[in-house]
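Undergrad: below: sequence and its predicted model.
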Amino acid sequence: MLGGRDNFAVERSYGERIVASVPAVPAGVRAQRAVLRRATRYLVADAGIRQLLDIGAGLPTKDNVHEVAQRIDPATRVVYLDNDPTVVVHAHARLAENPATIAVHGDLRDPAGITAHPLVRAHLDWNQPIGLLMCGVLLHIMDDEGPAELTAALIDALPSGSYVFIQHLLDIDDPATARMKHFMVRAFGRVQFRTLDQVRALFGGLELVEPGLVPMPGS
Ligand SMILES: C[S@@+](CC[C@H](N)C(=O)[O-])C[C@H]1O[C@@H](n2cnc3c(N)ncnc32)[C@H](O)[C@@H]1O
């Protein structure tokens, strides 16, 4: 749906079934990537952030976070983190010649394990602001796993002046959302859509940058 070359037959065929049932999905996932690119550009070009920690980074696609960031400043350091070993293997293959970017295995449900990870500690300067990206990943954290406590633990560990970006699927009472949930639960087993207020709670008391927490165009 996004283009790129790191995808498998089983994913393509499942994708076709999803699109047949919920035709808006390709526009939605492209909007998700567009907002991730926009957030990355904002962090590097406007906020002056030079280190990014992308949790739930996903398989490489077109215009990945490090490419967007390093077009602005090639020295921007990026850590991709994912709990899917396949994602980390693909990222390694792509990043072989990019010393400013690394990919590590880790789990959002273990924030202390992320912030204490030797490679994460070594690659990022924990005395300088960090841009924490959580795009399309918090929906895989169930309410009983304490998503707000997990984000709070990460936010507490961030150096002063850091930023947090969250993209989340919205819980809207309509048939397309219900069909999407159905497919995602079947594909991933664990999916939790949230209301705008529930997503806002994941930021803790952080001050929001304009335009704040808003629905994405195209989704
Ligand atoms: C929908 S993809 C999002 C990819 C990318 N961030 C984007 O927005 O296009 C979600 C990613 O989160 C990862 N993920 C799911 N649960 C996770 C967890 N508990 N810790 C770390 N990564 C997780 C999945 O393996 C997958 O690669």
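TA: Yep, that arrived.
Undergrad: where does this structure have its least confident helix or strand?
TA: Within the chain, no helix or strand scores below helix 175-188, which has a mean of 86 by mean pLDDT, DSSP states H and E.
Undergrad: can you show me the strands along the protein?
TA: Ranges of strands in the chain, per DSSP state E, are 51-55, 77-82, 101-105, 131-135, 163-167.
Undergrad: let me see the mean pLDDT of the last one.
TA: Translated: strand 163-167. Mean pLDDT, strand 163-167: 98.
Undergrad: hang on, the earlier thing: and the strands of the chain: which comes nearest the ligand?
TA: The closest of the strands of the chain to the ligand is strand 131-135. By C-beta to the nearest ligand atom, the value is 3.5 Å. C-betas here are computed from N, CA, C, even on glycine.
Undergrad: the closest one pairs with which strands, and in what direction?
TA: Paired strands of strand 131-135, with direction, are strand 51-55 (parallel), strand 163-167 (parallel) (DSSP bridges).
Undergrad: report the buried residues of the last one.
TA: It stands for strand 163-167. Residues 163, 164, 165, 166, 167 are the ones in strand 163-167 that count as buried (16 or more other C-beta atoms under 10 Å).
Undergrad: circling back: okay, the strands of the chain in TSV with distance to the ligand next?
TA: Listed next are those as TSV, based on distance: least, C-beta to the nearest ligand atom, whole Å:
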stretch	distance to the ligand
strand 51-55	6
strand 77-82	5
strand 101-105	9
strand 131-135	4
strand 163-167	6
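Undergrad: among these, which comes closest to residue 24?
TA: Closest approach to residue 24 among the strands of the chain is made by strand 163-167 (16.2 Å; C-beta to C-beta).
Undergrad: what about stretch 129-141, how long is it end to end?
TA: Stretch 129-141 has its terminal residues 26 Å apart, counting by C-alpha to C-alpha, to the nearest Å.
Undergrad: quick check, the least confident helix or strand of the chain touching the ligand?
TA: No - judged by C-beta under 6 Å from any ligand atom, helix 175-188 stays clear of the ligand, getting no closer than 7.6 Å.
Undergrad: now stretch 11-27
TA: No - judged by C-beta under 6 Å from any ligand atom, stretch 11-27 and the ligand are separated, with a smallest distance of 11.6 Å.
Undergrad: geometric centre of this protein: which residue is closest?
TA: residue 135 (2.4 Å; C-alpha atoms, centre = their mean).
Undergrad: quick one: which of the strands of the chain is nearest residue 188?
TA: Set against residue 188 and scored by C-beta to C-beta, those come closest in strand 77-82, at 13.3 Å.
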